[in-house]
Structures are given as structure tokens and as C-alpha cells.
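1. Fold the following for me, if possible:
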Amino acid sequence: MNASIKIVQPRIPGNLTASHFDEIDDESYYTNCQFHNCTLSSKQLENVCFQHVSFVNVTFEDCQFTRFECLDVTFEGCNISNNEWIGAIFHRTTFKDTKFLGTNFAESSIVDAQFDHCIGNYSSFNYASMKQVRFQDCSLVESEFFEVTWKKLDFVRCQLNQLSIMQTNLNGLNFSDSEFENLSVSIDLVKGCKLNANQALVIANMLGILIV
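-> Residues are numbered from 1 along each chain as shown. Have a look, this model is predicted:
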């Protein structure tokens, strides 16, 4: 299995206080709390920070966050699809059984994060910085990773068909136990990535190599 990195887990206290979004506004700061079975819709907010927070079955619906921070946070069974989280910070954050269809994580800083059994088709991580990040058993069909800088990034048993990972150095990146029929890469940056035989055929076809 392609799971070679150790990720620091979120530090979540055992005695979280129940919380809600009733009074959320710019500059809001939440800590040591849990959000459960609630929805935040159509909000445009700046400088919101969640620290030592658990989200369970929570929906963020058409929200736009500027300078958004998640520090020691877990998302489980959540739906965060179609949100704008540009330039966000996610440190020691896990996403489990969570949907982020079409969500924009562009220019985000993502450190010690795991996406586990998530559906993130059509999402965008363009210009993001990733360090010690794992996508495991996730669907990232037609997602975009343009000019991503990364250190210790894993894709484990993921669906990556039509993923675009252009202008991103793939040296050392392991795709071998994930699946794709088409992948958009920058040919001059593909050297050193790890592929299985079928994936190598896909890349060879992109290069115009005829295998007989």
C-alpha cells in the first residue's frame, strides 16, 4: 500500500462543548467545541478560526471564507461542497466520509492532513502548499492541482480519472495503487513519479509513444 508518511493527528480534547453557528461573524474564534447536525448557508466571512473543534454531520453550503483557519479540527460525515476556502490554513486536520465536490482550496496551506473516504470531484487545490498530506480511498475525478508545492504527499487507492496536476513536480509521487484512465500532467515534470504498468501506458500515449 502507498501510505509512507506519518501524519500528526488533530489534538481534540475529550470534553468538547456543543456549539452552533447562530452568532458566527467576521473574526469569530471557536475552540474546544463540537458542531453536530447543523448547517451554515450562504455566508461570506473573514478571519474565522476553529481550533480544537469537531464537526459531525455538518453542512457548509455556498460559503466563502477569507483567511480561514482550522487548527486541530476533524470533519466527519460532513458536506462542504461548493465552498470558497481560498488561502485557508488547515493544520492537523482530518476529513472523513466528507464531501467537498467543487470546493475551492486554492492557495491553501495544508499540513498534517488526511482525507479519508471522501468525495472531492471537481475540487481545486491550485497553488496550494501541502506537507504531510494523504488522500486515502477518495474520489478526486476532474479535480485540479495546478502548481502545487508539496512535501510528503500520498494518494492511496484513489479515483483520479481526469485529474489535472499541471505545473507540479511529480518526482517521488506515487500513483501506483490509485486508478485513472486519463491524467493531465506537465510532461517536463513527470520524471520520477511512480506508476503501475497500466498507468505507464497512459503516460506513454500522452508522449506519443507507440507500444506494440
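
2. Let me see the contact set for Val111.
-> Contact partners of Val111, counting by C-beta atoms under 8 Å, 6 or more residues apart in numbering, are 90-92, 130-133. From N, CA and C alone the C-beta is placed, and that goes for glycine too.

3. 10 Å instead, please
-> When contacts are counted by C-beta atoms under 10 Å, 6 or more residues apart in numbering, Val111 touches 7-8, 71, 89-93, 129-133, 151-152.

4. Torsion angles phi and psi at it?
-> Backbone torsions of Val111, given as degrees, to the nearest 10, read phi -130, psi 130.

5. sec struct for Leu201, please.
-> Classification of Leu201 using DSSP: H, G, I helix; E, B strand; the rest coil returns helix.

6. Share the number of residues neighbouring it, please.
-> By the criterion of other C-beta atoms under 10 Å, Leu201 has 13 neighbours.

7. And for Gly14?
-> Neighbour number of Gly14 under other C-beta under 10 Å is 4.

8. Per-residue pLDDT of it, please?
-> Confidence at Gly14, expressed as pLDDT, is 90.

9. Then the one 5 residues further on?
-> For Ser19, the pLDDT comes out at 96.

10. residues touching it, list them.
-> Applying C-beta under 10 Å, 6+ apart, the residues near Ser19 are 30-36, 38, 50, 53-54.

11. coming back round to it: now, the contacts of Val111 that are in helices?
-> The helices, defined by DSSP state H, take in nothing from the contacts of Val111.

12. next one: stretch 156-175 to chain centre, how far?
-> Chain-centre distance of stretch 156-175: 13 Å, with C-alpha atoms, centre = their mean, to the nearest Å.

13. Distance across it, terminal residue to terminal residue?
-> When the termini of stretch 156-175 are compared using C-alpha to C-alpha, to the nearest Å, they are 8 Å apart.

14. surely Val133 meets Val156?
-> No: with contact defined as C-beta atoms under 10 Å, Val133 does not count as touching Val156 (11.3 Å).

15. neighbour-wise, which of these two wins?
-> Taking other C-beta under 10 Å, Val133 and Val156 do not tie; Val133 has more neighbours (25 against 19).

16. circling back to that earlier point, and the contacts of Val111, which are buried?
-> Buried subset of those (neighbour count, 16 or more other C-beta atoms under 10 Å): 7, 71, 89-93, 129-133, 152.

17. hey, where'd the helices end up in this protein?
-> 197-206.

18. Quick check: which ranges of the protein have low pLDDT?
-> The chain contains residues with pLDDT under 70 at 1-4, 208-212.

19. And the closest residue to Asn37 other than its chain neighbours, how close does it get to His36?
-> The spatial neighbour of Asn37 that comes closest, neighbours along the chain excluded (C-beta to C-beta, 6 or more residues apart in numbering), is Asn57 at 4.9 Å. Here Asn57 is placed at a distance of 6 Å from His36 (C-beta to C-beta, to the nearest Å).

20. That'll do, ta.
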